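[1] Provided below are the primary sequence and the corresponding predicted coordinates.
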Amino acid sequence: MTHHPDESPGFLLWQVTLGWQREMTATLAPLDLTHVQFVLLATTWWLNSQGEEPNQLTVARRAATDIKMTSQVVRKLEDKGLVERRVDPADTRARRLRVTERGAEVARAAVEAVEAADAEFFRRVPDPAALLRILRPLAAPPDETTP
């Protein structure tokens, strides 16, 4: 049986995701950040604010990004003067991350801009709390105990 595309959750999610990504790109462009740069900068900034100086693997896991891509993007953030990478004294192969003063300013502004853009984008959703309840299990990593 063939279903109409509007009855396909995957197709609708794809359309919503593309629209949301366009909004994020437009929102972050004035701050000279790509979306992935924003996610990694904001994640590092948040972890720093919790008293952590995470390594790149910790940031990648928290942001659910590929570790190699994370390393490349963090280098770009370092080139922009937004993040400092320091050798981890416990493991000289690892790099600890700290957002610079300028990086914290950019992160703060970017988080505010993204939150405002999210509010505007999702304003048509009648029950935002219900949407979060639906999305959380889909965003969680698969249960490794499930076959």
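    Noted; the coordinates are in hand.
[2] only C-alpha atoms for contact and neighbour calcs from this point on.
    Fine.
[3] residues near the closest residue in space to Asp66 that isn't next to it in sequence, how many?
    In space, and not counting its chain neighbours, Asp66 is closest to Ala60: 6.3 Å by CA to CA, 6 or more residues apart in numbering. If you count neighbours by other CA atoms under 10 Å, Ala60 ends up with 21.
[4] Tell me where this structure has helices.
    Assigned by DSSP state H, the helices in the chain fall at 9-28, 35-49, 56-63, 67-79, 101-121, 128-139.
[5] in the longest one, what's buried?
    Across helix 101-121, burial judged by 16 or more other CA atoms under 10 Å covers Gly103, Ala104, Val106, Ala107, Ala110, Val111, Ala113, Val114, Ala117.
[6] And the pLDDT at the spatially most central residue of the chain?
    For the chain, Val39 is the residue whose C-alpha lies nearest the centre (CA atoms, centre = their mean; 2.9 Å). pLDDT recorded at Val39 is 98.
[7] List the contacts of it.
    Neighbouring residues of Val39 by CA atoms under 8 Å, 6 or more residues apart in numbering: Ala63.
[8] if we can go back for a sec, and the residue nearest to Asp66, how close does it get to Gln15?
    Distance of Ala60 to Gln15, given as CA to CA, to the nearest Å: 26 Å.
[9] now Ala130
    For Ala130, the distance to Gln15 - CA to CA - is 20 Å.
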